[in-house]
Every structure is written in C-alpha cells, then in structure tokens.
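> This is a predicted model, with the sequence first.
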Amino acid sequence: MVSDKKTWVKGSHEARVESFYGWGAENYGDFHKGYLNFGLWEEGVKNYEEAAENMVYQMAELAGVNQDSHLLDVGCGMGTQDIYVLEKFKVKQIDALDVTWKHIEIARKRAETHKCSHQIHFHHESGIKLPFPNQHFTNVISIEAAEHFNTRQTFLEEAFRVLKPGGGISIGDFTLKQEPKTFMEKLVVESARSLWKVPDDNVYSIEVYKERLKRAGFENVAAKEVGALTIPGYYYEQSRPEVKQAVGKIRGFVAGRLGFIIDIAVFQAFKKGLLEYVLMSARKPK
C-alpha cells in the first residue's frame with residue numbers, strides 16, 4: 001500500500017481540489033480543533049467543536065464502527081476525526097486518506113502527538129482509486145468529501161470493493177432537494193457547485209443517491225435529511241466576526257473571502273429549498 005506524497009496531473013480534478021483545500025492549511029493548527037465538517041447541531045450542542053464531534057460520532061455509529069473495526073476514512077481532512085473515533089470507539093485500526101498533502105502532513109503529526117501512529121495510518125490518495133485490496137475493511141466512512149470525487153459513483157464502487165461482506169458504510173454528503181427552475185436558482189446552485197469543485201455528475205437527488213448505492217452493490221440503503229441541523233449552524237459559525245478574522249489569517253484574504261462566498265451560496269441554496277445535507281448509510285451483503 002502506497003502512502004507517500006502524490007503529484008496529481010496538472011489541471012486534473014484532484015489537483016484542483018488539493019489546491020482549493022490546501023490554501024493556508026499549514027496555518028490551521030488547532031483552530032476549531034482541526035475539524036472541517038459542518039457539524040451536527042442537535043439539541044444540547046453548545047459550540048462548533050461539539051457539533052463537529054457529534055457529526056463524527058453519528059457517522060461512525062451509522063457505519064457500525066466498534067472495537068473490532070478496521071475502518072477506512074475517505075476524505076479525512078487533518079486527522080482530528082480519526083483520533084476522535086479511535087478514542088471513542090476503541091477501534092483496532094484506521095486507514096485514512098485525503099487528496100490534500102498538507103492535510104496528511106498535519107494528520108500524521110497529530111497522530112504522533114497523540115501517540116497513535118501505530119493504529120492510524122494516513123495516506124495521500126484519491127477517493128476514486130483506493131490503494132487497498134478487496135474485502136479489506138469492516139467499515140467505511142466519508143464526511144463531506146464524496147461530493148468532490150470525480151465521480152462519486154466510482155467511489156461507491158471502490159468502497160464496495162474494499163469492504164468485507166456485511167461491512168457498513170456511512171457518508172455525510174450534499175444532494176439536490178429539488179431541481180433549480182428560475183435563473184436565480186440555477187445561478188445559486190451552479191455557483192456553489194463550481195466554486196466548491198463539485199463535478200456535474202455528482203449533482204442529483206436523494207432518491208438517485210439511493211439508486212446509485214444499490215447500483216454499486218449495497219443493500220439496506222437509508223438516507224436521513226439533516227440540513228436544518230447542519231447548514232445553518234455552520235453558516236452562522238463562519239459568519240461570526242472573530243471566526244472570519246481567524247480564517248482570513250489562516251487562509252489569506254482572498255481564499256478566506258472565497259470560502260465565505262461558498263458558505264453563502266450553500267446557505268442560500270438550502271434556504272431556497274434547493275440543497276439538502278444527508279447522512280447516507282448502507283451495507284455490503286454477507
């Protein structure tokens with residue numbers, strides 16, 4: 001299994017996504033504890049860090065993670081979520097990958113600090129070509145990454161391949177709630193899609209998502225709509241002046257502003273009933 005730094009083909013989708021997420025990543029440190037997900041802002045959640053950890057916990061539970069798990073995390077960000085899962089679920093082993101090399105560098109240092117490098121292995125890889133043998137993992141999770149994969153369907157097929165029979169998958173992702181009809185609706189959706197590096201082929205409804213999981217071979221496919229518990233909370237967190245200032249220092253003025261423009265586009269698409277956040281789950285037949 002290869003885990004060294006990759007050099008993506010110039011102009012490729014992987015290169016564009018890495019460039020987008022790599023802006024200022026080396027400056028993140030412990031800002032927001034290193035979490036990047038939208039968070040699951042359920043009752044009792046008091047701040048972003050709690051919301052982010054609630055999201056990770058729910059995703060691990062949906063995938064059926066337990067102390068006997070060998071987990072694959074596809075789109076691991078800076079590794080915080082994997083250390084959290086290791087500590088909360090006492091799993092045997094985690095392999096985690098991300099397309100952004102700076103994320104992997106930070107994740108590996110974080111694992112060393114937490115003295116868990118022997119249990120969590122971070123790989124600089126693409127979600128559409130998993131560098132693992134067939135039937136290798138008991139569980140797969142992917143939190144807010146599959147929308148970027150070119151294509152999501154390829155990832156679903158790869159995830160099915162590397163899962164053991166009976167293994168579970170959970171995906172935190174974005175879907176269309178309804179097709180945009182007016183010029184303004186189309187503009188909002190296209191702006192969010194294009195700026196956020198989401199391929200055209202990944203823009204579809206929950207029902208289509210379910211069918212594509214089944215097409216990949218999965219059964220017991222389920223979807224839970226949680227947009228109201230994710231998108232507004234994250235938007236309001238990112239809108240706080242102190243957060244905007246911190247992100248500007250981390251990513252730079254231009255990248256910080258671009259990120260907030262994307263947040264606005266996603267929030268507006270949700271408010272207009274065009275966009276939904278879903279927790280998808282399924283099983284590989286035994």
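Alright, I've got the coordinates. Everything numeric in this text was worked out from a predicted model, so none of it was measured.
> Surely residue 176 is in contact with residue 277?
No: look at residue 176 against residue 277 with Cβ atoms under 8 Å: they stay out of range, at 11.6 Å. Heads up, the C-betas are built off the backbone N, CA and C, glycines and all.
> So the two - more neighbours on which side?
Neighbour totals were compared for residue 176 and residue 277, and residue 277 leads with 24 against 17 (other Cβ atoms under 10 Å).
> And that one, how far from residue 174?
Residue 277 sits at a distance of 6 Å from residue 174 (criterion: Cβ to Cβ, to the nearest Å).
> same thing with residue 227?
Taken as Cβ to Cβ, the span from residue 227 to residue 174 is 9 Å.
> Quick check: neighbours shared by the two?
275-278 (Cβ atoms under 8 Å, 6 or more residues apart in numbering).
> What's the first helix or strand after the one helix or strand residue 184 maps to?
Per DSSP states H and E, residue 184 falls inside helix 183-195. The helix or strand immediately downstream of helix 183-195 is helix 206-216, counting by DSSP H and E.
> Report all helices and strands that that following helix contacts.
helix 152-162, strand 163-176, strand 219-225, strand 275-283 (3 or more Cβ pairs under 8 Å, 6 or more residues apart in numbering; DSSP states H and E).
> for the ones you listed, which one sits closest to residue 60?
Nearest to residue 60, of all the helices and strands packed on helix 206-216, is strand 163-176, at 7.5 Å by Cβ to Cβ.
> just to revisit the earlier point, show me what counts as buried in the helix holding residue 184.
Across helix 183-195, burial judged by 16 or more other Cβ atoms under 10 Å covers 185, 188-189, 191-193.
> now the strands: where do they sit in the chain?
Per DSSP state E, the chain carries strands over the ranges 70-74, 93-98, 120-124, 137-143, 163-176, 219-225, 275-283.
> buried sites along the longest one?
With burial defined by 16+ other Cβ under 10 Å, the residues of strand 163-176 counted as buried are 163, 167-176.
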